[in-house]
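> okay, sequence plus prediction incoming.
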Amino acid sequence: VDPNAEIVARRVSTLAELAGRDSKGGKPLIVLTTINAVLQRVPPHDFFAASMQRLAPGNVVSMASLVERLESLGYGRAGTVTDPGQCAVRGGILDLYPPGGQPIRLDFFGDSLESVRAFDPETQRTQARLDGMTLLPMSETPLDMEARKRFRARYVALFGAVRSDDPLYESISAGRQHQGMEHWLPLFHDHLETLFDYLPDALVSFDPLVEDARAKRL
């Protein structure tokens, strides 16, 4: 099954913030987490750096290419944007709900981004104008061409020749999201990391019971 969209959004926004943090010039940071989360492998931090894109009024960007990029980053098309991870197109307006933030309305005139505004997902009414936004991936499993090629090669290496009735393989090959594909995370990336790779110079303090919890988890 798919993980809960709200939880995915919180995970992605947190990892992206840690990946983009300036450890030398930034403010002191404390990360309070669990041993299960520390042991869990996550996408490499450079994945988030490469996926992030700054959008601001005056940018020249094709709406069609931006929608294609959103879909490769895990956003799903919807008629109306109400939940994290959704995007919708209405004429020259592109609505999207990025992780860790509020719904955003992008107003285009041709290939020129004219305005970036927040909106209320319940009333769909536009709210404050924004100076810009940072586009984040909505999924830890990318669907760009390189990730799909990597998935196919590793899937065949694990399971042999693929039958014609394999819906997971067919969906990923076509660049479509498939239910539960997050469970195949290692097949989409060159390598995976842990939280310590995001915070290499962190001082670590463990709860006294962490050794038992770690052994049970492993």
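Now that the structure is in, tell me what you want to look at.

> can you classify the nearest residue to Arg21 once chain neighbours are set aside by secondary structure?
Excluding the flanking residues, the one nearest Arg21 by C-beta to C-beta, 6 or more residues apart in numbering is Leu29, at 7.1 Å. For glycine as for every other residue, the C-beta is placed from the backbone atoms N, C-alpha and C. For Leu29, the assignment made with DSSP: H, G, I helix; E, B strand; the rest coil gives coil.

> doesn't Leu106 lie inside a strand?
Yes - assessed by three-state DSSP, Leu106 belongs to a strand.

> so it bridges to which residues?
Beta-bridge pairing for Leu106 (DSSP bridges): Leu94, Val116.

> what is the burial count for it?
For Leu106, the tally of surrounding residues (other C-beta atoms under 10 Å) stands at 24.

> show me what contacts Leu195?
Leu18, Val31, Thr33, Ala37, Val38, Val42 (C-beta atoms under 8 Å, 6 or more residues apart in numbering).

> going by distance to Glu6, which of those residues wins?
Ala37 (16.4 Å; C-beta to C-beta).

> need the contact list for the closest one.
Counting by C-beta under 8 Å, 6+ apart, Ala37 has contacts Leu195.

> so how far is the helix or strand containing it off the chain centroid?
Under the criterion of DSSP states H and E, Ala37 resides in helix 35-39. With C-alpha atoms, centre = their mean, to the nearest Å as the basis, helix 35-39 stands 20 Å off its chain's centre.

> swap in stretch 101-109?
18 Å.

> how about stretch 71-87?
Counting by C-alpha atoms, centre = their mean, stretch 71-87 comes out at 12 Å from the chain centroid.

> what's the burial count for the residue nearest to Val1 when sequence neighbours are not counted?
Spatial nearest neighbour of Val1, chain neighbours left out: Gly180 (5.6 Å); criterion: C-beta to C-beta, 6+ apart. Counted with other C-beta under 10 Å, the neighbours of Gly180 add up to 10.

> my guess is Gly180 contacts Asp2. True?
Yes - using C-beta atoms under 8 Å, Gly180 is in contact with Asp2, at 6.0 Å.
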